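Novice: Got a sequence here, can you model it:
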Amino acid sequence: MQEQRTFLQKAKLFFKGLAMGAANKVPGVSGGTVSYVLGFYEDLIYSFQKINLKAFKLLFRGNIKRFIQYTNAQFILLVMGGSIFSYFSVSLLLDYLLKHYELFVWSWFFGMIVGSIYYLGKDFGKWNRTCFIALIIGITLGLAISFLKPAKENDNLWFVFLCGIIGVSGMTLPGLSGSFILILLGNYVLLLVDSVNVLFTVITNIFIGNFEVLSDAIKIKYLKILGVFTAGSVFGLVSISHLLGYVLSKYNKIVNALIIGFITGSLGIVWPWKETIYLKENMVFLLDKKGNKIVENYNRFLPDLFETETFLAIFYIALGLGVVLIIDYYGKKRRK
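Specialist: Have a look, this model is predicted:
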């Protein structure tokens, strides 16, 4: 039975979704990790599991009230509503901060992920050989993904649908950044920047009564791409959630060990001190069709400990770690 929530509880869920959505858009950061730390990961997975044949039967029979209760629809709408809203609010701020204060933003996220590893590991309980193997596998996979080379942009709709399925994994698999996966697939800018910006432009124009924007073939193309990507994301969200719900119920400790390993491995992606390597051919930078340099990979390095910038970066790492510890502290107080 779906629980009745107060306005404050609804607002908290919306803001948790906001945080998860913002994290999903940042390459290297997993929305699933945020949902895990904020304490609603398993609720999210099990709620999506309820989107099944029984739910559709209730919907087609017109039993809307029972459908809402069965699927925990209020929870899903609040969290996903916050997540979607963040793409037009918080994530735009993050885009700005990444452009102008990249080192400090990555430092903050690095600290939060270190805090997340502590948060997940402190109540794990007894480790056995199987859990250690799962931990090592998770770390290895996370590090391997960190050093893969990105592909080129591809706007084929079948591939875009596949990107939706794979990209949404960051929401359901803590430690796996859906945005970073989209970079590896070559479609991060196409799907999470250009298409979202076009949607925002179209909605703004329609709101002020300018419907001519709907006759722009380029904008319609981007809207189709975004629609197919969304459809793939929904399909992936529901299907992956069913699989995760099953393995969480059967192999909870092993899955959690794998998740902790994956998050640990993902530290290689969000390492703050790195410079972008752009793809070259015959000493000339290769550009995409929009004139942007094509990212090949990142060159990670150790910082100069005597620079002021390094001390500031370390401060932001500590700040990110502190945010998670504060969340954990208040979470314990609430449960007492």
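Novice: And the strands in the stretch 201-336 of the chain?
Specialist: 274-278, 280-281, 284-285, 295-300 (DSSP state E, counting those that start in this stretch).
Novice: Phi, psi for residue 114 please.
Specialist: Torsion angles at residue 114 (phi, psi; degrees, to the nearest 10) stand at phi -60, psi -40.
Novice: quick one, what contacts the residue lying closest to it once chain neighbours are set aside?
Specialist: Among residues not flanking residue 114 along the chain, residue 321 sits closest, at 5.6 Å (CB to CB, 6 or more residues apart in numbering). C-beta here means a position set from N, CA and C on the backbone, and glycine is covered the same way. Going by CB atoms under 8 Å, 6 or more residues apart in numbering, residue 321 touches 111, 112, 114, 115, 118.
Novice: Tell me where the model's unsure across the stretch 1-150 of the chain.
Specialist: 1-4, 26-29, 88, 90-92, 95, 149-150 (pLDDT under 70).
Novice: so where do the strands sit in it?
Specialist: According to DSSP E, counting those that start in this stretch, the stretch 1-150 of the chain contains no strands.
Novice: now the helices for it?
Specialist: Secondary structure of the stretch 1-150 of the chain (DSSP state H, counting those that start in this stretch): helices at 7-25, 31-37, 41-49, 53-60, 64-71, 73-86, 90-100, 102-121, 129-146.
Novice: Would you mind finding the most buried of the ones you listed?
Specialist: helix 31-37 (a mean of 27; mean count of other CB atoms under 10 Å).
Novice: Show me what that helix is packed against.
Specialist: Helices and strands touching helix 31-37, by 3 or more CB pairs under 8 Å, 6 or more residues apart in numbering; DSSP states H and E, are helix 7-25, helix 41-49, helix 102-121, helix 169-172, helix 308-335.
Novice: For those helices, give me TSV that also has distance to residue 188.
Specialist: Below are the helices and strands packed on helix 31-37 laid out as TSV (distance: least, CB to CB, whole Å):
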stretch	distance to residue 188
helix 7-25	9
helix 41-49	23
helix 102-121	16
helix 169-172	12
helix 308-335	23
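Novice: Select the longest helix from this structure.
Specialist: With secondary structure taken from DSSP state H, the chain has its longest helix at helix 217-250.
Novice: Buried ones in it, by neighbour count?
Specialist: The neighbour-count check on helix 217-250 (16 or more other CB atoms under 10 Å) flags 219, 222-223, 225-226, 228-230, 232-234, 236-238, 240-241, 244-245, 248 as buried.
Novice: before we move on, the earlier item: per-residue pLDDT of the residue nearest to residue 114, please?
Specialist: Turning to residue 321, the model gives it a pLDDT of 88.
Novice: Check the one 4 residues further on too.
Specialist: On the pLDDT scale, residue 325 is placed at 80.
Novice: my read: it touches residue 116, true?
Specialist: No - in this structure residue 325 lies outside contact range of residue 116 using CB atoms under 8 Å: 10.6 Å.
Novice: tell me, what's touching the two both at once?
Specialist: Contacts common to residue 325 and residue 116, judged by CB under 8 Å, 6+ apart, are absent.
Novice: In terms of secondary structure, what does the longest helix of the chain contact?
Specialist: helix 41-49, helix 157-167, helix 169-172, helix 195-207, helix 252-265.
Novice: do that again at 10 Å, thanks
Specialist: Judged by 3 or more CB pairs under 10 Å, 6 or more residues apart in numbering; DSSP states H and E, the packing partners of helix 217-250 are helix 41-49, helix 73-86, helix 157-167, helix 169-172, helix 178-184, helix 195-207, helix 252-265.
Novice: Any chance of CSV for the ones you listed, columns distance to residue 97?
Specialist: Conversion of these to CSV gives the following (distance: least, CB to CB, whole Å):
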stretch, distance to residue 97
helix 41-49, 26
helix 73-86, 14
helix 157-167, 22
helix 169-172, 19
helix 178-184, 15
helix 195-207, 17
helix 252-265, 22
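Novice: can you tell which of those is closest to residue 134?
Specialist: Across the helices and strands packed on helix 217-250, residue 134 has its closest neighbour in helix 252-265 (4.0 Å, CB to CB).
Novice: Mind listing what's buried along the closest one?
Specialist: Buried-residue list, helix 252-265, by 16+ other CB under 10 Å: 254, 255, 256, 257, 258, 259, 260, 261, 262, 263, 264, 265.
Novice: Just the C-alpha atoms of it, please, in PDB.
Specialist: Provided in PDB are the C-alpha atoms of helix 252-265 (Å, rounded to 0.1, in the frame of the first residue of the first chain):
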ATOM      1  CA  ASN A 252      22.000  -8.500  -1.500                       C
ATOM      2  CA  LYS A 253      25.500  -8.500   0.100                       C
ATOM      3  CA  ILE A 254      27.200  -9.600  -3.100                       C
ATOM      4  CA  VAL A 255      25.500  -6.900  -5.100                       C
ATOM      5  CA  ASN A 256      26.300  -4.300  -2.500                       C
ATOM      6  CA  ALA A 257      30.000  -5.300  -2.500                       C
ATOM      7  CA  LEU A 258      30.000  -5.000  -6.300                       C
ATOM      8  CA  ILE A 259      28.400  -1.500  -6.000                       C
ATOM      9  CA  ILE A 260      31.000  -0.400  -3.500                       C
ATOM     10  CA  GLY A 261      33.700  -1.700  -5.800                       C
ATOM     11  CA  PHE A 262      32.200   0.100  -8.800                       C
ATOM     12  CA  ILE A 263      31.900   3.400  -7.000                       C
ATOM     13  CA  THR A 264      35.600   3.000  -5.800                       C
ATOM     14  CA  GLY A 265      36.600   2.300  -9.400                       C
END
